[in-house]
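Visitor: I'd like to go over a predicted model; first the sequence, then the structure.
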Amino acid sequence: MKKKLKSLVLCSILSATTVIADESLVAIEGTYGGLNVDSEVVSTGLAKNDNVSLAGGGLKIGAQSDNYRLFLSANYYAASNDDYNYVATYGIELDYLIKLSKSFGVFLGVNGGMANIEQIDTTGIKRTSSDPYFGGAAGINIHVSRSVDFELGGRMLIMDISNTRNDVKYTYNSLASGYASIIFKFKMN
């Protein structure tokens, strides 16, 4: 039931967006950032904090009107730490566009979705975690041509994903990243 409700909400949002949108969008991005992780031995209270470097790529599809755009996004990250098999996110991004000139603008946005993390900890235990995130984004958008934009931005995803096994608790707190994106625009009739 929960999956059907999510699908219905998503379809409704996309349908409403296409009615008010002027352009369809497809974006490809490269990203670099860090995952903030706490680990704690539950029985002793011994804790530490790590920041795992991530590099990855993503694909976004969406629509845009004069001042707003909506994306469905999926990102996959490879960690610099071999303990992580993958970090992946998928969700929705809503941005407010501020046009400063015909060739340049900025944006402010909110986002939400699901984060999936698979880690093999120091004891060899595989930990698979999946939970919602929410966050924000900001950046600059350069209009290269009528149908192509280049974008530089920053994104912060706030999450509270916990995984406790064998007396060790990992908490994945946030994912902060910078990205560069090429956005292809298609006129809607």
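Guide: On my side now, so go ahead.
Visitor: poorly predicted segments of the chain, please.
Guide: Filtered on pLDDT under 70, the chain yields the residue ranges 1-21, 188-189.
Visitor: and the residue most central in space within the chain, which helix or strand is it part of?
Guide: What sits nearest the mean C-alpha location of the chain, by Cα atoms, centre = their mean, is residue 89, with 5.4 Å. Element membership for residue 89, per DSSP states H and E: strand 84-99.
Visitor: direction included, what does that strand pair against?
Guide: Strand 84-99 pairs in its sheet with strand 68-79 (antiparallel), strand 104-120 (antiparallel), by DSSP bridges.
Visitor: ranking those strands by burial, who's on top?
Guide: Sort the strands paired with strand 84-99 by mean neighbour count, taking mean count of other Cβ atoms under 10 Å, and strand 68-79 sits at the top with a mean of 20. Placement of C-beta: from N, CA and C, glycine included.
Visitor: contacts for it, please.
Guide: Residues from elsewhere that reach strand 68-79 (Cβ atoms under 8 Å, 6 or more residues apart in numbering): 10, 13-14, 17, 21, 25, 27, 29, 31, 33, 35, 52-64, 86-97, 107, 111, 113, 175.
Visitor: on that earlier part again, export the strands paired with strand 84-99 to TSV and tack on distance to residue 153?
Guide: As requested, the strands paired with strand 84-99 are exported to TSV (distance: least, Cβ to Cβ, whole Å):
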stretch	distance to residue 153
strand 68-79	12
strand 104-120	7
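Visitor: strands along the protein, start to end?
Guide: Ranges of strands in the chain, per DSSP state E, are 23-41, 46-64, 68-79, 84-99, 104-120, 126-143, 148-165, 168-187.
Visitor: hey, which of these is tucked in deepest?
Guide: Most buried among the strands of the chain, given mean count of other Cβ under 10 Å as the contact rule, is strand 68-79, at a mean of 20.
Visitor: could you dump that strand to CSV, C-alpha only?
Guide: Extracted in CSV, the C-alpha atoms of strand 68-79 (Å, rounded to 0.1, in the frame of the first residue of the first chain):
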residue,chain,number,x,y,z
TYR,A,68,10.8,26.7,-11.0
ARG,A,69,12.1,23.4,-12.0
LEU,A,70,11.5,19.9,-10.7
PHE,A,71,13.9,16.9,-11.1
LEU,A,72,13.7,13.2,-10.4
SER,A,73,17.3,12.3,-9.5
ALA,A,74,19.5,9.3,-9.0
ASN,A,75,23.1,9.4,-7.9
TYR,A,76,25.6,6.7,-7.3
TYR,A,77,28.8,7.3,-5.3
ALA,A,78,32.0,5.3,-5.0
ALA,A,79,33.8,5.7,-1.6
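Visitor: nothing else from me, thank you.
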